[in-house]
Every structure is written in C-alpha cells, then in structure tokens.
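A.B. asks: Fold the following and give me the result.
(chains A and B)
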Amino acid sequence: MNNVWTSALRSAVANRSRFALTIVAVALSVGFLTATLILSDSLTGTAADDIAAANESIDYVVTGETIFAGDGGPGDAAVRAELAPEVPAQLLADPAIDDAVGVATGFAKLVDDGVAVGDGVAADVGRAWATNPVLNPFTLTRGEAPAGIGEVVIDDGLANQGDLSVGDAVEVLTATGVTEMVVSGTAGFGGADAAPLQRTILFSEAGASALLEIDGFGEVLIESTADPAAVAAVVRSADDTALTSTGAEAIALAQDAVASPFTFLSVFLLTFAGLATVVGSTIIYNTFVIAMAQRKRELALMRAIGATRRMVLQVVMAEALVISFVATAVGLSLGLVGVGGVRSLMGALGVPILAGSTVVTGQTIVLASAVGVLVTMASAWFPARRASAAAPIEALREAAVETTVAGRWRLVSGSALLIAGIGAAIVAATAENALALVGGALVVPGLILAGPAIVTVASRVVRAPLERLLGSRGVIASNNLDRNPKRSSSTSLGLTIGVAMVGFFAVLASSLTASFTSSLDEQLTADQVVASVNPEWSTIDPTLIARVRAVPEVEVASAISVVDGGIEGTEAVVGGIDQQASELFDFGVATGSLDALADGGVAVWSGTETATPALGQEVTLSLPSGDLTVPVVAVFDNSLAGFDPPTHLLDQSVLGAAEPGVLDNVLFVALSDDAGAVDALRDVVAATPGSLLQTADDYVANASAEVDSIRNLVFAMLGLTVVIAVVGVANTTTLSVSERVREIGLLWAIGSTQRDVRRIIRWEAAVLALVGTSIGLAIGVGGAWALIAAVGGGEVTGVAIPWSQLAVLGGGALAAAVVSAAAPAWRISQRPTLSALAG
Amino acid sequence: MTLLEPRVSDEAHDEVPAARLRGATKIYGEGDAAVHALNGVDVAFGRGEFTAVMGPSGSGKSTMMHCAAGLDQLTSGSVRIGDRELTTMNDRELTLLRRAEIGFVFQAFNLIPSISAEENIVMPLAMSGERPRHGVLEDVVSVLGLDGRLSHRPSELSGGQQQRVAVARALVAEPSIVFADEPTGNLDTRTGDEILGFIRRAVDERHQTTVMVTHDPAAAAWADRVVFFVDGSVHGELRNPTADTVLEVMKGLGR
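C.D. replies: Residues are numbered from 1 along each chain as shown, chains lettered A, B, ... in the order given. The predicted structure follows:
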C-alpha cells in the first residue's frame, strides 16, 4: 500500500485535535528527559576535556597514600596524605627524572577594592607557578609569570569576573592574612578560563612559601621518558607509601574527582526523568487506546473494503510515527528552552551549581529522541494490534464503550507485590536494614497490577456518598469509573507517581532541615555568628578571632576550624575548638570533659556510624599532613549543623600544629547589651574578606538553606511530573467523554440538564484524582519514613512531616485534575442533544 | 401470497451464480440465550442480477449479507462467491477476496474522512497497488456526476454526494458482486432515487451483480427480484417487483 504514508500524515493532521493531548504528553516527557540529560552533562561542563588538555604534557603524577577514599556523595572527595617537602628534590637527584615540581595548594582569595572576586561553589585556590611549561597546567594568556613575592598570575575567570588586567593592584587573602599584590599576568587552563570549580591565584615560588603556609605537597608532577616501573621505583625510594600514576591515569582520576560530587545529583535527575517517562507513557498509551476505540468504525470500513490486518496496523503505526516525530521535536525544543529556565531558576534560588556552560551532547539528543519515538510507538502498538485483529463486523456493529475486566491473576499478583513491598519498607524502617528498602520498590509494580482492583473498590466505596450528594448522577459517576478500571487506574497511577515523588522529597527535606536546625537552635547561645562566605569551605582569616576579642563590646568569642580526615578508613571530620567554645555552644558532653582537650585529647561525637570508643582509649586520626594518635577524653551528643558536622573535636592549637594553614570555619560571638555593639563588631568583620556577619537566628536558618534550595529545585522538577499526570487526567476525560457521547445525549433526552452532565464528569475526575493523590501521598510519606528510619543514622534524627506542604500538594493536584476535566465537560455540554444521540 | 413465485431450485441454473448460500446457519450466544439469526438459508444471487433483500427487523437479512460478503462467519453451512468457498478461508484470504471480488455500500459512515473522494474511490484497488482499468474511473465518475468533486474531503460533500462516492468506490474495481446495506436509509426520497438509479444503470449497462438490503418497498422496486426473509429463513421471492406488489407481500408477512 504505497499511500500509507500520505494517508497517515493526512489522518494525523486531520485528527490533530484528537492527538493534541498525546503530543503534549509525549513532548512534556521528552522535554523533561532532554532537560535533565543536558543539566546532568552541564553539571561538569567541559571539565573533563579541559583537564585532559591542561595536563596532557605531564608524564607522571606522584600522590600521598589515601586516607579516606570518598564515597562519591556531595562533598565526600577523597582525602590523601601530603608528601614531604623534600620529595621533589630527592626525585630530581635520579637521572631517570628530567624534572619534578611539587604542587601545594592553599586557600587564597582575590579581593579587589575590598570586595571578594567570584561567587558560587568554586574553591579559592593558591598555588605556585611552575616555571617548566611542561609541568604547568596553566598557560599564560597575557602578561608575564610572577617574578617575586609581590606578583601573582590570576586565572582568566578571575580576570573576567573582577574586570582585572595586567598591572592592576589587588589584595590576596591567605592563611597569613591580607597581602597587597600586583597582577603580573593572566592564565588559562586547558581550553578554559579556569580549572573546573576553582578560582586559582598563582604565586611565585617565594610568594607561595611565604603566604600559603605550606609544609608539604599534595602531588609532585614529573617529566620523564623512563618507563612507569622505573619511575615508580625511584618514587618508592623517596617515599615508600607514595603512589605513582601515569599522566593519563592522573587525568582520569582528576576527571572523576570533578565529576563524582555530581554523580549523585545526575543519578537523582535521571531517576526523575525515568519516572516522568513512565508517567508520560501510561498517558500516551491511554490516548492511543481511546483513539483506536474512536476509530473502530473507520478501521472496520477499511477492513471491509479489503485492507488486511497488516495494512490497518501499518496505517496506525505510520500515524503514530508522524505524531512521535512532531511531539519529539517539540519536546526537544522544550527541553533546550527549559534548561535555560532551570538555570536561571537555580540562580534565583541560590544554587549556582552549574559553573560551566550548557553542554548539549549528541547522545542527549539521540537518547531523548529515541525514548520519545519508541515510547509513542510502543504505546500505539498494543491498541493498534488489538484494533486490527478485531473482526470487521464487530466494529461495524454499534460501537460500544470499551469495557475491560482485570484478570484474577493480576489482582492476586499485584496484591502480593504490594504486601511484599510495604512489608519490606516496614522491615527496613524497624530493623534499620537499608537492603530491605530495595524491596519497598515492589510497591510500584504492585500498584500497576492491583490498580484496576483498587479503582473498582474505590468506585464502590464512593457510590453511597456520591448517591447521597448527587442522587442518581452520583451512581452514574461512580459506575463510570468502574467501567474500564484498567484505564482509570493507569490514569490515576500517573498522579500517584508524581504526587508520591513530591511528597517523598517534601518529607525528606523537612526532616533534614528539622534535624539540622533543631540542635543548633537549642544549643547555640551566641548572639552573632561570623560564617565563611561559603559554608562548604573555611574562608575566615585565623587572625580575625583576636581582633574580634579585642572589641570591647564582645564578651565571649570562639573560633572553630574544620579539617576533613579519616579514621580507620572511614570519614572523620575533625573540628578544632578553643576553651570558649563550650560557653557559646552546648556540645552535650555525655562522659568525660572538654577541658581535657587542651592537654591533647580528642572528643568523639556519639552520632557517628562507628562504635563510640571508651574514655582513655587511643584513636589515630589520619589528617592530610599525617597521623595523629590521641586519647579519647570526652564523648559529646550535639554536633554542629550541616551535611558534615565535626565528628571529632581537638583543641585548636593541637589541630593547628598537626595541620598548619587551616582557616577558621565559623566564629561564635556573645555581645554585651550596649547599643552599637553589633556595629562595632561589624566594622571589624567587614574589614576582613572571607567572613560574613550574621545574627545567630539567621545562621540557624541558613544552615538549612542549602537543603531548602535543593528541595525547591527538586520540587520545581517534580512539579512537572504532576503537570504531566494532570494532562493525563484531561486526556482520559476528553476521550472517555467523546466515547460516551451517545450515552450523554440519552441523558439529556430523558431530562438531565447540561449542568448535571458536567457535574457527573467532574466528579469522575475528582474521584480518580482523589484515589491517585491519596495513594501517592501515602507512598511518598511512607517511603520517606522508611528511608530515614533505615539510613538516617545520627544525622537525620526523626521524621518531620510538612503537613501544610502535603496539604497544598494533595489539594493542588486534586484541584488541577478537576479543573483539567472541566474543559472537556464544558465542550460536550455545548453539543445539541440530537447530534450527541447520533454519535 | 399468490404474488410470491414458487422458489426455483438453485440447481436448475446451469451457470454458477455470483453468490450462493446453502444450509446457512448463524447462531449468536449459547444455551438459553442462543439466537438463531439464520436458520438454514438457501439462496443464490445470479450474475448480472439486481436482488433486493427484505424482511422485518431481526429477520436475518443483514446477517445473511454480512456472511455472504465474508465479513462474518457462519455457524454452519456453506457460502460461495463464484466457485470459491468462504467458510474454509482464513482472515487474510477473506480480506483479499473482499478487496478483489466484493464492493460495499453501507447506510452510513461509508468513507474514510481524512482522504479525498478520489482516494476513497480507488482505495480498494490502491491497496493491491493497482489502478482502475482504463476509462473505468472516468466512466463511473461521469455517470455518478462526481466531476469536480473528486478532490473534496467527505466532510465537504452532501449526504447524497457521499453516497455516490461510496457507489463509485464499490463499482470502480469491477467486483463480481456489490452488497449494499440500506444505501438510501439516510437519504431523502429524491436523492435516494438518484442513487438507486445509478445502481440500476450499473446493473443494466455493466451487468453488475448487486444485492441490496432494504426496508423500503419503493427502493426494492428498482430490483429485478426481491427475496423475503422471516425469522432467519427465506420466505419466498418476487420477480419484477413494483412498490405495490412488494407492499402487498410485506403486509402478508406481517400477519
């Protein structure tokens, strides 16, 4: 049949109103998928390519032994021991090594006219300029290399953001304080303006050693033509714990390190995209089922005049292909436009996580297009095959409303899966068994299978109340739901999944926020807090605490520093506190005393996953500069807020001695009641870049700001899933109404008003949405509860249910579904009775 | 009853009829709910003959036509189109037979809405990748007065024009038999007569075998012969009918 294509195309165009909702559903799903794929690629931008380009000339890289490997979560980068300062010289002594340059990085922040340059998550890094271009990942773009202590090269990113050029005078904040400098040149990294997620200031050799307080190297870069075994042998003779990687291996590691903090987020985003596709495809499937039912007579006519089953199938599938192309194209453009929207939204929400440019890979386009086309084709295939297999005479007879009855096995297996899933979630929660959580996922297939039975039960439950409310119209509405329970259930399943996801994250986010802030709120007695400009990094000049204490209105002030380390291979966040800390924050000491910290002891938080050691027991903390073995002198219950609160506390002098050059993370300050006390403090803090003065209340609120902003982002994305689901309700209503047009005509003919009919249709949608949202809310809340109980540990202490948010979510989804059903209900009610009766 | 002629045994014809049913039985449902739509029907439709099938609602006339046209399956008995037995054919063979040998005109919903009148007309042939025999399309179109309407969509045509397109479609592939199911049921008398006139012309000029199910004695009067159905069986037949003689017989049937 050579005009299959033309007739498919024409039919798709001629029936565009029928397919409009299908196209919307496909386009939204494809758009969502495209946007998430682009976002997840853009998280790391072109970082991987830049790292490869910048480091390609380096032959070998030597690093210290690994203290904590990192688990890929946000902020859980690997922690490594430092190499001794003499390692480069020792390596150079061997003839196999042509050149060896130690790389040490320290905190260095650029300040221009008293304003810090650059914002966002990127780290402020200072390092020495390597004079050997082979071993320098940076390349001068303008000016010259730094010649003395007073000169720096800044990366092009900093130069652009601060509008700085060669010869400008700047201030640089480092561990030793603020220093006046002159920009001698600017440099690029690989093809980019800056190293990924870093703002780099490059000092001269002398400048780096004077300002960065470096007593070892993070890595040593080697130029050598010798083979890997020979180089490794040389390295071992200098430091037998050091690791040698080839340039290519080091590049791969660096690329992983940049990508790993985002892996979690990427998986997260892609999971949403997957679920949105599931929701979308149930709707797409429904549309085709009903579209087929509407075209039954047309297809039967074709069969009668000699079209084979195959031809009918071909025509329908060709049409579906046309629709899938159009919808996928619309979806791709929606996705591309949407990314821009999401980026600005995230900027507005204060989550500037996308440092790089928007990356649109061919893979994204291919994957999103393939999903769009395949899901549409698969959704069309099953109803098309059923339609083409029907005997033509069946369809030529009076076209009846399609009714289905779900099989018994479906009910039994669905119920079994539901019970198993719920049981697994309960086991996970009560036995704190994370593995059982996986079993909880059985709820989803369970719902898909048992859905029709649930709808049937629901329609029987609502029958009596609806009858009391609406009389016989209520009975009609409730019976209609039960007429095709499979379709009703797949429609409400979309809402269930969307609402469950949003509810799940609402509960999770509010529980996280509650656990973060409640301890801070109750334990913190300071009036004011000086925080680092970025909570993830310590940026406060360590000399600031002395100047703060010198302010007459300050009664008590305490500085806390934080270093990432390890203990027996697990992560340990080591905090340095001073004697005043416990006057401003109640650590809730369970046993022992914090006073003993000054004598070189360690206090251990009771909330860690590992067993709490006994008092007097010696523990070995692995810090980047080396191991520190100290006796346990106290166990405390309350740690500071945030994702990674300190698990071990040392006296600041002990930590400072073990790990020089550490900046302060936060300062707690108690003021006298004098008027102007805050202003006096503000003057001191404002003069020190890298520090931010807040009231204690603001600080407590900001501790959860990170969670809040991520939650808002997640809500924005998941909201789209609910939108897709609501489109599904509109879709099903439109099509099931047009399927029943004669029945509705009959209702009018025997005396129903148009209002009656609209009301019946609205109530059907309302009941369907109610079933979907209430099951969704139950699953979302239950899932979050099981997750928190199973893996929350000490960091998330309890489940806090955000009742008002859940009420808005449930009410909103319900209202949106009912409103979406209003349009088709209105349209049908405008039809003259006789034309409706004629079909 | 005198009007009804004695039924001539089908065996008496030498020529193989265009279509023939023998001992045709069709039962819907089972047990107590079983409905005998056809109760051992023997009927033949001679070549080049225009036969009208009449009978009260539920008499089995439509079921007979559907079974004869390969749209529905008999419970038992035999159906032949020419010398080909339909009851042993599979779905694909039946489909190809309908395409090549049978033309259809239905009461309503005769045309595919999304394609033009011309495309509708040539659809059965296009499905096999064929074109109408030279001159046939032009001939049929001009006889039916459809010139200038060919590029219109069905929705742009009047009911009578749509039905003429349906007749053109049934004729253009030159099938061995055309089945028409109440082709004038939805039309006013004048338009209906036009359609019947066209069918009559096709029978006279092209020797197009035609079987038409109808309720309307005036429509049946256009046929060469009327076969009456009652309760799933053939009750008798009438040759060279007029509206009056048909009405007369029908009154008898209602006794």
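A.B. asks: Sticking with residue 124, tell me its helix or strand.
C.D. replies: In the absence of a named chain, chain A is used. In the assignment (DSSP states H and E), A:D124 maps to strand A:123-128.
A.B. asks: Chain B, not that one
C.D. replies: In the assignment (DSSP H and E), B:P124 maps to helix B:117-126.
A.B. asks: List the buried residues for that helix?
C.D. replies: B:A117, B:E118, B:E119, B:N120, B:I121, B:V122, B:M123, B:P124, B:L125, B:A126 (16 or more other Cβ atoms under 10 Å in any protein chain shown). Every residue, glycine included, has its C-beta placed from N, CA and C.
A.B. asks: Now the helix or strand just after the strand holding A:D124: buried residues?
C.D. replies: Per DSSP H and E, the first helix or strand lying C-terminal to strand A:123-128 is strand A:138-143. By neighbour count with 16+ other Cβ under 10 Å, strand A:138-143 contains the buried residues A:F138, A:L140, A:G143.
A.B. asks: Serialize those residues to a markdown table and add fields for distance to A:E86.
C.D. replies: What follows is the buried residues of strand A:138-143, written out as a markdown table (distance: Cβ to Cβ, whole Å):
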| residue | distance to A:E86 |
| --- | --- |
| A:F138 | 25 |
| A:L140 | 29 |
| A:G143 | 32 |
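A.B. asks: Dump the residues you listed into CSV; add pLDDT and distance to chain B as well.
C.D. replies: Formatted as CSV, the buried residues of strand A:138-143 follow (pLDDT from 0 to 100; distance: Cβ to the nearest Cβ, whole Å):
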residue, pLDDT, distance to chain B
A:F138, 93, 65
A:L140, 91, 67
A:G143, 91, 70
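A.B. asks: which ones are touching the residue in the stretch 301-450 of chain A that chain B sits nearest to?
C.D. replies: Chain B sits closest to A:G306 of the stretch 301-450 of chain A, with a gap of 2.5 Å, by Cβ to the nearest Cβ. Contact analysis of A:G306 by Cβ atoms under 8 Å, 6 or more residues apart in numbering or on different chains lists B:T95, B:L96, B:R98, B:R99, B:A100, B:I102, B:P124, B:M127, B:S128.
A.B. asks: who touches the first one in this structure?
C.D. replies: If you count contacts by Cβ under 8 Å, 6+ apart, B:T95 has them with A:R303, A:G306, A:A307, A:T308, A:R309.
A.B. asks: Quick check: the gap between it and B:A18.
C.D. replies: Counting by Cβ to Cβ, to the nearest Å, the separation of B:T95 from B:A18 is 19 Å.
A.B. asks: Show me which residues of the helix or strand hosting B:Q162 are buried.
C.D. replies: Assessed by DSSP H and E, B:Q162 sits inside helix B:159-172. For helix B:159-172, burial by neighbour count (16+ other Cβ under 10 Å) applies to B:160-172.
A.B. asks: so does that helix get close to chain A?
C.D. replies: Yes: with Cβ under 8 Å from any Cβ of the partner chain as the criterion, chain A is reached by helix B:159-172 at B:R169.
A.B. asks: Please report the distance of A:T36 from chain B.
C.D. replies: 37 Å (Cβ to the nearest Cβ, to the nearest Å).
A.B. asks: The helix or strand hosting A:Q314 and chain B in contact?
C.D. replies: Using DSSP H and E, A:Q314 maps to helix A:309-348. Yes: judged by Cβ under 8 Å from any Cβ, helix A:309-348 comes into contact with chain B at A:R309, A:M311.
A.B. asks: avg pLDDT for that helix?
C.D. replies: Mean per-residue pLDDT for helix A:309-348: 82.
A.B. asks: Moving C-terminal from that helix, which element do we reach first?
C.D. replies: Next along from helix A:309-348, by DSSP H and E: helix A:362-389.
A.B. asks: in which helix or strand would I find residue 53?
C.D. replies: In the absence of a named chain, chain A is used. Under the assignment here (DSSP H and E), A:A53 is part of helix A:47-55.
A.B. asks: That was the other one, I meant chain B.
C.D. replies: Counting by DSSP H and E, B:V53 is part of strand B:50-54.
A.B. asks: In the stretch 51-200 of chain B, what residue lies closest to chain A?
C.D. replies: Counting by Cβ to the nearest Cβ, the stretch 51-200 of chain B gets nearest to chain A through B:R99 (2.5 Å).
A.B. asks: residue contacts, that residue?
C.D. replies: Applying Cβ under 8 Å, 6+ apart, the residues near B:R99 are A:I305, A:G306, A:A307, B:P124, B:M127, B:S128, B:A173.
A.B. asks: tally of neighbours for B:M89?
C.D. replies: Around B:M89 there are 17 other residues, counting by other Cβ atoms under 10 Å in any protein chain shown.
A.B. asks: Mind checking what secondary structure the closest residue to A:A89 other than its chain neighbours has?
C.D. replies: Once flanking residues are discounted, A:A89 sits nearest to A:A100: 8.0 Å by Cβ to Cβ, 6 or more residues apart in numbering or on different chains. Using DSSP: H, G, I helix; E, B strand; the rest coil, the three-state assignment for A:A100 comes out as strand.
A.B. asks: A:A100 against A:D94, yeah?
C.D. replies: No: assessed by Cβ atoms under 8 Å, A:A100 is found out of contact with A:D94, at 9.1 Å.
A.B. asks: For the helix or strand A:G719 falls within, name the packing helices and strands.
C.D. replies: Taking DSSP H and E as the definition, one finds A:G719 inside helix A:705-739. With contacts taken as 3 or more Cβ pairs under 8 Å, 6 or more residues apart in numbering or on different chains; DSSP states H and E, helix A:705-739 sits against helix A:16-44, helix A:247-294, helix A:309-348, helix A:485-523, helix A:754-791, helix A:803-829.
A.B. asks: Next, the buried residues of the next helix or strand after it.
C.D. replies: Note on helix A:705-739: by DSSP H and E, the next helix or strand toward the C-terminus is helix A:741-749. Buried residues in helix A:741-749, counted by 16+ other Cβ under 10 Å: A:V741, A:R742, A:I744, A:G745, A:L747, A:W748.
A.B. asks: Helix A:741-749 - contacts with which helices or strands?
C.D. replies: helix A:754-791, helix A:833-837.
A.B. asks: you'd agree the residue of the stretch 51-200 of chain B closest to chain A is in a helix?
C.D. replies: Yes: checked against three-state DSSP, B:R99 lies within a helix.
A.B. asks: before we move on, back to that, just checking, next helix/strand downstream of the strand holding B:V53?
C.D. replies: helix B:61-68.
A.B. asks: mean confidence for that next one?
C.D. replies: What helix B:61-68 shows for mean pLDDT is 90.
A.B. asks: swap in stretch A:466-482?
C.D. replies: On average, stretch A:466-482 scores 80.
A.B. asks: Any buried residues in that stretch, and which?
C.D. replies: By neighbour count with 16+ other Cβ under 10 Å, stretch A:466-482 contains the buried residues A:L466, A:E467, A:L470, A:R473, A:G474, A:I476, A:A477, A:S478, A:N480, A:L481, A:D482.
A.B. asks: So which residues on the stretch 1-150 of chain B come close to chain A?
C.D. replies: Counting by Cβ under 8 Å from any Cβ, the residues of the stretch 1-150 of chain B that sit close to chain A are B:66, B:69, B:71-73, B:91-92, B:95-96, B:98-100, B:102-104, B:106, B:109-115, B:119, B:123-124, B:126-129.
A.B. asks: Any chance of a PyMOL selection covering the buried ones in those residues?
C.D. replies: Command for PyMOL that selects the buried part of the residues of the stretch 1-150 of chain B next to chain A, burial taken from 16+ other Cβ under 10 Å:
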select buried, chain B and resi 66+69+71+72+73+95+96+98+99+100+102+103+104+106+109+110+111+112+114+115+119+123+124+126+127
